[in-house]
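Undergrad: predicted coordinates and the sequence they were generated for:
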Amino acid sequence: MAKLGIIGAGSWGTALAVVLEKNGHDVVIWSAIEAEIQMLQEHHEHKEKLPGIKLADNIRYTVQLQEAVVGMDALVLAVPSMYARQTAGRMAQYVSDGQLIVSVAKGIEEDTLMTLSQIIKQEIPQSVPAVLCGPSHAEEVGRGMPSALVAGAKRRDTAERVQHYFMNEAFRVYTSPDVLGMEIGASLKNVIALAAGMADGLGYGDNTKAALITRGINEIGRLGLAMGAKYETLSGLTGIGDLIVTCASMHSRNRRAGILMGKGYSMQQAMDEVKMVVEGVYSAKAAMGLAQKYGVDLPIIGQVNAALFENKPVKDAVYELMTRDKKVEHDELAWEE
């Protein structure tokens with residue numbers, strides 16, 4: 001049995017607490033929101049974000065960050081990506097040398113273009129960062145539906161340790177050394193999911209969605225490879241797998257926000273309606289920053305940015321994508337002479 005602190009009591013942090021407690025670990029959940037902790041203590045259920053999923057009586061809850069960090073075998077950083085740096089900075093004074101921190105949020109910092117594991121290492125240099133991601137909705141994981149994810153770390157033994165903590169008969173965990181590829185795929189798929197939702201909101205069909213998913217993974221792949229990620233990662237669970245589940249499911253807050261924008265809502269109205277953090281909105285600008293830095297063309301992500309931040313009508317964005325210059329599908333393939 002390991003002592004594990006979960007930093008962040010949103011839907012994903014709560015669902016992972018269910019997994020870890022089922023595996024026999026001693027789990028403490030921290031939230032900065034006192035009302036959220038009181039709700040969890042009183043009801044053993046996150047009534048707002050994971051209604052109907054009961055948490056075991058032996059899971060503990062706290063608003064004291066020190067209580068969830070000091071003496072823990074590992075920490076699970078589950079706050080939304082835009083709060084990762086602030087939270088890591090607060091944690092730093094309590095984190096011991098070599099303490100494992102598993103990042104489970106998805107995003108890229110807009111100002112620095114850093115991934116979350118890079119932020120953790122910068123803010124808490126004495127820590128050992130790892131990541132856990134893949135096609136997984138909290139609503140399904142919390143109910144014990146079969147899911148498959150990937151634990152990523154620079155060292156094999158670190159990734160295998162994360163695998164050991166989380167894996168069970170309904171939560172299969174693979175390992176990978178390609179942390180960068182995992183984080184790029186996990187972050188940018190949220191932007192493509194916004195586009196898929198916008199198409200749904202406009203009333204377009206399966207053909208449109210298939211095109212967006214396929215060309216979307218192409219964009220993610222081009223950028224990821226330019227940054228040094230591996231093709232195998234981008235074509236695996238944390239790339240195409242995560243993209244499919246996010247674009248296809250109504251559990252996806254990014255898709256739901258996109259649907260509302262396709263129906264005419266503004267970005268802010270859509271985010272207010274979804275009532276959860278829409279990570280794709282925050283990753284969209286960062287994606288364009290990375291595209292500029294590495295000289296990669298990202299037409300779909302570019303049009304999502306225009307719809308989000310320039311008030312471009314979604315229908316106009318789709319029209320511009322469809323009427324771009326003629327292209328070959330894959331530049332690398334050779335023609336017969």
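TA: Sure, I can see it.
Undergrad: contacts and neighbour counts: CA atoms only from here.
TA: Fine.
Undergrad: so where does residue 215 fall, helix or strand?
TA: Using DSSP states H and E, residue 215 falls within helix 206-227.
Undergrad: and the contacts of that helix?
TA: Contacts to helix 206-227, defined as CA atoms under 8 Å, 6 or more residues apart in numbering, come from residues 181, 184-185, 188-189, 192, 195-196, 199-200, 230-231, 234, 239-240, 243-244, 247, 290-291, 294, 296-300.
Undergrad: show me which of those residues are buried.
TA: Neighbour counting by 16 or more other CA atoms under 10 Å classes 181, 184-185, 188-189, 192, 195-196, 199-200, 230, 234, 239-240, 243-244, 247, 290-291, 296, 298-300 among the contacts of helix 206-227 as buried.
Undergrad: which is the next helix or strand following the helix or strand residue 122 falls within?
TA: Using DSSP H and E, residue 122 falls within helix 116-123. Helices and strands here follow DSSP H and E; after helix 116-123, the next one along the chain is strand 128-133.
Undergrad: ok, which stretches of the stretch 1-150 of the chain are strands?
TA: 3-7, 26-30, 60-62, 74-77, 100-103, 128-133, 147-152 (DSSP state E, counting those that start in this stretch).
Undergrad: turn those strands into CSV, columns for mean neighbour count and mean pLDDT.
TA: CSV is the format used below for these (neighbours: other CA atoms under 10 Å; pLDDT from 0 to 100):
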stretch, mean neighbour count, mean pLDDT
strand 3-7, 25, 98
strand 26-30, 24, 98
strand 60-62, 21, 98
strand 74-77, 26, 98
strand 100-103, 25, 98
strand 128-133, 26, 98
strand 147-152, 24, 98
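Undergrad: wait, which of the ones you listed is closest to residue 325?
TA: Nearest of those to residue 325, taken as CA to CA: strand 128-133 at 35.7 Å.
Undergrad: can I get that closest one in PDB, CA atoms only?
TA: Provided in PDB are the C-alpha atoms of strand 128-133 (Å, rounded to 0.1, in the frame of the first residue of the first chain):
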ATOM      1  CA  VAL A 128      10.600  13.500 -10.200                       C
ATOM      2  CA  PRO A 129       7.800  14.300 -12.800                       C
ATOM      3  CA  ALA A 130       5.800  11.800 -14.700                       C
ATOM      4  CA  VAL A 131       2.600  11.900 -16.800                       C
ATOM      5  CA  LEU A 132      -0.500   9.700 -17.100                       C
ATOM      6  CA  CYS A 133      -2.900  10.300 -20.000                       C
END
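Undergrad: which elements pack onto it?
TA: Using 3 or more CA pairs under 8 Å, 6 or more residues apart in numbering; DSSP states H and E, the elements in contact with strand 128-133 are strand 100-103, helix 116-123, strand 147-152, helix 156-166, helix 179-201.
Undergrad: for it, which strands pair with it and how are they oriented?
TA: Each strand paired with strand 128-133, and its direction, by DSSP bridges: strand 100-103 (parallel), strand 147-152 (antiparallel).
Undergrad: to residue 311, which of these lies closest?
TA: Going by CA to CA, the one of the strands paired with strand 128-133 nearest residue 311 is strand 100-103, 32.8 Å.
Undergrad: need phi/psi at residue 318.
TA: Phi and psi for residue 318, reported as degrees, to the nearest 10, are phi -60, psi -40.
Undergrad: what is the burial count for it?
TA: Number of residues near residue 318 (other CA atoms under 10 Å) recorded here: 18.
Undergrad: where's it relative to residue 87, distance?
TA: 38 Å (CA to CA, to the nearest Å).
Undergrad: related to what we said a few turns ago, okay, the strands paired with strand 128-133 in TSV with distance to residue 279 next?
TA: As requested, the strands paired with strand 128-133 are exported to TSV (distance: least, CA to CA, whole Å):
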stretch	distance to residue 279
strand 100-103	15
strand 147-152	19
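Undergrad: and residue 18, which of those strands is closest to it?
TA: strand 147-152 (13.8 Å).
Undergrad: quick revisit: compute the inter-axis angle for the helix holding residue 215 and helix 179-201.
TA: Using axes from the mean of the first three to the mean of the last three CA atoms, to 10 degrees, one finds that helix 206-227 and helix 179-201 are set 160 degrees apart in direction.
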